[in-house]
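S.K.: missing the sequence, but the structure's below:
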């Protein structure tokens, strides 16, 4: 492992920890040349599908693009980097588990939006406004109304779960 500070190749592992889900190993290392410390993350490299873009181009599935888009949508929201990483992990795992060799970028965007909708409604609307390329405020408001309607339905269902018990 090359030191990010001095480019030295000799280092030692000081600490290793497994992530909560067991998919990533975090290693704390010390460079034997400059004695500075740095962290690496190791994960199993799996074969990911090719993404078919709207213009027909094909690109390798790029986790960092999803992370970047989600991070922008979550900007100034009470969402930790760990939560964003978890969301991106779920998306990546979803497409790996399906085993498709190719996926459409539209489907990928919908999966990202579904995950963001569960994480944070504001981040969801931010991502949707860019992803769906709203042309005017009417399209934006339609999305917000649908979001509010979904939220109201969820609240009603939760309220009904508590009903039906007998008062003694």
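M.R.: Received, thanks. Quantities reported herein were computed from a predicted structural model and do not represent experimental measurements.

S.K.: alpha carbons only for contacts and neighbour counts from here, please
M.R.: Fine.

S.K.: now residue 24: phi and psi?
M.R.: Torsion angles at residue 24 (phi, psi; degrees, to the nearest 10) stand at phi -130, psi 140.

S.K.: give me the neighbour count for the nearest residue to it once chain neighbours are set aside.
M.R.: Spatially, and ignoring its direct neighbours in sequence, residue 24 is nearest to residue 43 (4.8 Å; Cα to Cα, 6 or more residues apart in numbering). When counting by other Cα atoms under 10 Å, one arrives at 10 neighbours for residue 43.

S.K.: need phi/psi at residue 43.
M.R.: The phi and psi values for residue 43, taken as degrees, to the nearest 10, are phi -140, psi 160.

S.K.: can you check residue 23 too?
M.R.: Phi and psi for residue 23, reported as degrees, to the nearest 10, are phi -100, psi -10.

S.K.: residue contacts, it?
M.R.: 43, 44 (Cα atoms under 8 Å, 6 or more residues apart in numbering).

S.K.: poorly predicted segments of this protein, please.
M.R.: Across the chain, the ranges flagged by pLDDT under 70 are 161-168.

S.K.: do a quick rundown of the helices in it.
M.R.: Under the criterion DSSP state H, helices of the chain are mapped to 63-73, 81-98, 105-119, 121-131, 137-162.
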